[in-house]
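[1] the following block contains a protein sequence and its predicted model.
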Amino acid sequence: MRIWAKLFHDNHMLRDTVVEDACQDTRTHKVFRALEEICHRFDLGQPIWLDKNIAEFKRQAKTRFYQDSFIESVEFDYMEFQVLEED
């Protein structure tokens, strides 16, 4: 599985990273591990999965985490989290 995360501010991409996970685990575990790794790389606290994020991710394998998903204040408008490739 490959997951791409991007930070945006004023419709400009500030940073991006791709996380790969080739282990034989469930899709959910891979997604949560990837999010943890991405937040570590970006030096962020992990966002909270709100109902809208879960619904979007189930439909499109992609979601956006806005300020309301983070406990601390963030210096970007949103983080886009997208599955690029599944096993």
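    Cool, got the structure.
[2] please make it C-alpha for all contacts and neighbour counts, starting now.
    Will do.
[3] tell me which element Arg64 falls in.
    strand 62-66 (DSSP states H and E).
[4] other SSEs contacting that strand?
    Where contact means 3 or more C-alpha pairs under 8 Å, 6 or more residues apart in numbering; DSSP states H and E, strand 62-66 is packed against helix 51-60, strand 78-85.
[5] from the contact counts, what lies against the longest one?
    Contact analysis of helix 51-60 by 3+ C-alpha pairs under 8 Å, 6+ apart lists strand 62-66 as its packing neighbours.
[6] the strand it packs on: how far from the chain's middle?
    How far strand 62-66 lies from its chain's middle: 7 Å, per C-alpha atoms, centre = their mean, to the nearest Å.
[7] parallel or antiparallel, which strands does it pair with?
    strand 78-85 (antiparallel) (DSSP bridges).
[8] in the strand it pairs with, what counts as buried?
    Buried residues in strand 78-85, defined by neighbour count with 16 or more other C-alpha atoms under 10 Å: Tyr78, Met79, Glu80, Phe81, Gln82, Val83.
[9] could you do stretch 34-54 as well?
    So, applying 16+ other C-alpha under 10 Å, buried residues of stretch 34-54: Ala34, Leu35, Glu37, Ile38, Gln46, Pro47, Asn53.
[10] just these: which are in strands?
    Judged by DSSP state E, those include no members of strands.
[11] taking those together, which two end up most distant?
    Largest separation among these by C-alpha to C-alpha: Glu37 and Asn53, giving 18.4 Å.
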